[in-house]
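Asker: Below are the sequence and a predicted model for it; my questions follow.
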Amino acid sequence: MKKKRGFKIILFGAIIFTFLKIFLSYEKNPPEIFGDTIHWKGNTYTISQGGHKEGERIAKGDGLSLFSVGDPTETFIVYRSFLDNALYVREDFKIPTEGRITKLSWGYKIFTDKELCDTISKILEEIKNLEINRYESEDPLFRLKSGLMMRNLYVAYEDTYVPTKYKGMIGVINGKWAMTTSTEEEIQKGRVVYKANYIFIPKNYVTVLEGYLKIEV
């Protein structure tokens, strides 16, 4: 009799455990993907570009998950599946394209320092007045080697949470601080040649850049 009672208790406990597991893992607002858009919590998100840091998972759907970028308004989110991941922005949000730079990303790092943001803003204002140089090599600009280390630069205007506006690559070429104004790739005789137009950054800005953007070569 005691064995039957113990078995019933174990069985009842197993049922309760299974129920709680299903209930707690139930996604109340599962995201759904349709082509290049994601529907979640009554909002539609479209794919974007930009520099961001992926945080904790905030939702799970059929074969996909959404992750936070630390944005409390959930205007920006990260989509991830088995093969892909991408930054998305709520389609009703109009990303500012001008004004005061308040955040930037360089490589995988995010910066909000006013000194650096103001310096980048001044460099971008001066680009049109600086001499254009030409880079052509089988070494891509993002390759890490002696005297060469360039990383993508994205900026955010007016307190936008994620830097989304691509401004070129910034770093060093031939050991000197530089910023690209255009880049392209061309296949020549079966090999890829990387080409870019770039300017050398005026020396009065270099000290600030060196204090934040750490060149590893």
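Answerer: Arrived safely, thanks for sending. Note that the structure is predicted; figures quoted are calculated from it, not measured.

Asker: mind listing the helices for the chain?
Answerer: Here the chain has its helices, by DSSP state H, at 2-25, 114-126, 203-212.

Asker: Of these, which shows the lowest average pLDDT?
Answerer: Among these, helix 2-25 has the lowest mean pLDDT, at a mean of 46.

Asker: Spatially nearest residue to the most centrally placed residue in the chain, not counting backbone neighbours?
Answerer: Residue closest to the average C-alpha location in the chain (CA atoms, centre = their mean): Gly51, at 2.7 Å. Nearest residue to Gly51 in three dimensions, chain neighbours excluded: Ser105, at 2.3 Å (CB to CB, 6 or more residues apart in numbering). C-beta: built from backbone N, CA, C; applies to glycine.

Asker: right, and that neighbour touches Thr112 too?
Answerer: No: between Ser105 and Thr112 there is no contact, the gap being 10.4 Å when judged by CB atoms under 8 Å.

Asker: Compare these two (neighbour count), which wins?
Answerer: Ser105 (22 against 12; other CB atoms under 10 Å).

Asker: Pull the contacting residues for the more buried one.
Answerer: By CB atoms under 8 Å, 6 or more residues apart in numbering, the contact set of Ser105 is 50-52, 111, 152-154, 163.

Asker: who touches the strand ranked longest in the chain?
Answerer: Once the chain is assigned using DSSP state E, the strand that runs over the most residues is strand 176-188. Strand 176-188 has contacts (CB under 8 Å, 6+ apart) with 123, 127, 132-133, 141, 150, 153, 167-172, 192-201, 205-206, 209-210.

Asker: Which neighbours in the sheet does it have, and how are they oriented?
Answerer: Strand 176-188 pairs in its sheet with strand 165-173 (antiparallel), strand 191-200 (antiparallel), by DSSP bridges.

Asker: Can you point out the buried residues in stretch 132-141?
Answerer: By 16 or more other CB atoms under 10 Å, the buried positions in stretch 132-141 come out as 133, 135, 141.

Asker: ditto for stretch 75-86
Answerer: For stretch 75-86, by 16+ other CB under 10 Å, it's 75-79.

Asker: Buried residues, stretch 84-100. List them.
Answerer: Of the residues in stretch 84-100, those buried by neighbour count under the rule 16+ other CB under 10 Å are 87-90, 93, 95.

Asker: let me redo that: stretch 38-57
Answerer: By neighbour count on 16+ other CB under 10 Å, the buried set for stretch 38-57 is 38, 40, 45, 48, 50-52.

Asker: pLDDT and distance to Lys28 for the residues you listed - can I get that in a markdown table?
Answerer: As requested, these are exported to a markdown table (pLDDT from 0 to 100; distance: CB to CB, whole Å):
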| residue | pLDDT | distance to Lys28 |
| --- | --- | --- |
| Ile38 | 96 | 16 |
| Trp40 | 97 | 11 |
| Tyr45 | 98 | 18 |
| Ser48 | 96 | 25 |
| Gly50 | 95 | 28 |
| Gly51 | 93 | 31 |
| His52 | 91 | 25 |
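
Asker: quick one on the thing from earlier: closest one to Leu66 out of the buried residues of stretch 132-141, please.
Answerer: Nearest to Leu66 among the buried residues of stretch 132-141: Leu141, at 32.4 Å, using CB to CB.
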